[in-house]
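Participant: here are the coordinates; sequence isn't available:
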């Protein structure tokens, strides 16, 4: 009888340890995305790909209060130190920063996006005749051959909804998919002047960090009723872009991505199914995502 109890205890320990290991692996190391629904990252990632995501880049994200996801109506997270930070051209998975029906940043925990990081905190990003640029950066950014295709196209080739870009402030800027920016991507601890010219670029970020309302009255910028002329950012932000630039809902349209939305870096395709024929694409098995 004693031997049976010991064996039962042993197997219980094994089961519990296995569950703890599996949960820890999923929370802190890797996860998988069931299926990519669109072709916005083609050719790097195809619709129907199922991918592996490492949370070690930039580090595992957990909820600040383990008892509830939202605190005072806002998703609050903290991040463990990873093996490295996000780099330019990394393909990242993140929660879409806007929930349904919200015009303010409000992380949607049920919606995941896959895009390429083309500008880091502290970068100044622009699009010049369709080509992505970052000040003092010589490396190619994003999907270069798609950008080269874009340089040969004109305004007449696009519908209004695709042509016009963030921040849609036509009174001061007419940014579009061929000519965009420059825009400074805030880094944690950096201070930017906030005026009526760049007000719309940073409005949602500042409101997200402060839980207050940014507005312009009589030619001056106010945070609630307090006069504002600068803001020191509390977190890092990123500019994310789809490789298939002609059909990608990315930072060109909804703005900069807060770091706390990031889940991890896409590293491998572990399974791929053609969305039309439903056949498995064996040539994509364990294909690295670059």
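Facilitator: Now that the structure is in, tell me what you want to look at. Since we're looking at a predicted model, the values are computed, not measured. Numbering: from 1, shown residues only.

Participant: mind listing the strands for the stretch 1-150 of the chain?
Facilitator: Assigned by DSSP state E, counting those that start in this stretch, the stretch 1-150 of the chain shows strands spanning 30-33, 49-54, 61-63, 70-71, 74-75, 77-79, 91-95, 112-119, 124-128, 131-134.

Participant: bridging residues for residue 92?
Facilitator: Counting by DSSP bridges, residue 92 is bridged to residue 115, residue 265.

Participant: now residue 280
Facilitator: In beta-bridge terms (that is, DSSP bridges), residue 280 pairs with residue 273.

Participant: ok, it touching residue 273?
Facilitator: Yes: assessed by C-beta atoms under 8 Å, residue 280 is found in contact with residue 273 at 5.7 Å. Where you see a C-beta, it was placed from the backbone N, CA and C, and this is true even at glycine.

Participant: distance of the nearest residue to residue 122 once chain neighbours are set aside relative to residue 79?
Facilitator: Among residues not flanking residue 122 along the chain, residue 187 sits closest, at 4.2 Å (C-beta to C-beta, 6 or more residues apart in numbering). As for residue 187, its distance to residue 79 is 15 Å (criterion: C-beta to C-beta, to the nearest Å).

Participant: could you do residue 115 as well?
Facilitator: 19 Å.

Participant: how about residue 56?
Facilitator: Note on residue 56: its distance to residue 79, by C-beta to C-beta, is 11 Å.

Participant: out of these two, which sits in the busier spot?
Facilitator: Between residue 56 and residue 79, counting by other C-beta atoms under 10 Å, residue 56 is the more crowded of the two (18 against 14).

Participant: look at the more buried one and report its pLDDT.
Facilitator: Listed pLDDT for residue 56 reads 94.

Participant: go on, residue 182?
Facilitator: 95.

Participant: please apply the same query to residue 252.
Facilitator: As predicted, residue 252 sits at a pLDDT of 97.

Participant: on the three-state scheme, it is what?
Facilitator: helix (DSSP: H, G, I helix; E, B strand; the rest coil).

Participant: show me the contacts for the nearest residue to it once chain neighbours are set aside.
Facilitator: Using C-beta to C-beta, 6+ apart and skipping residues adjacent in sequence, the residue nearest residue 252 is residue 165, 4.7 Å away. By C-beta atoms under 8 Å, 6 or more residues apart in numbering, the contact set of residue 165 is 175, 176, 177, 180, 252, 253.

Participant: what's the answer for residue 89, then?
Facilitator: Residues in contact with residue 89 (C-beta under 8 Å, 6+ apart) are 116, 117, 118, 139, 141, 142.

Participant: in this protein, which spans are helices?
Facilitator: Secondary structure of the chain (DSSP state H): helices at 2-28, 144-151, 160-163, 199-210, 251-254.

Participant: low pLDDT regions in the chain?
Facilitator: Within the chain, the ranges that satisfy pLDDT under 70 run 1-30, 65-73.

Participant: what separation is there between the residue nearest the centre of it and residue 158?
Facilitator: In the chain, the centroid-proximal residue (C-alpha atoms, centre = their mean) is residue 94; its distance is 4.5 Å. According to C-beta to C-beta, residue 94 stands 26 Å off from residue 158.

Participant: same check on residue 264?
Facilitator: In terms of C-beta to C-beta, residue 264 sits 33 Å off from residue 158.

Participant: neighbour count winner among the two?
Facilitator: Ranked by neighbour count (other C-beta under 10 Å), residue 264 and residue 158 place residue 264 first, with 24 against 16.

Participant: what sits against the closest residue to residue 47 other than its chain neighbours?
Facilitator: Closest residue to residue 47 apart from its sequence neighbours, by C-beta to C-beta, 6+ apart: residue 39 at 4.7 Å. With contact set as C-beta under 8 Å, 6+ apart, residue 39 has these partners: 46, 47, 244, 247.

Participant: so what's the backbone phi/psi at residue 39?
Facilitator: For residue 39, the backbone dihedrals (degrees, to the nearest 10) come out as phi -100, psi 20.
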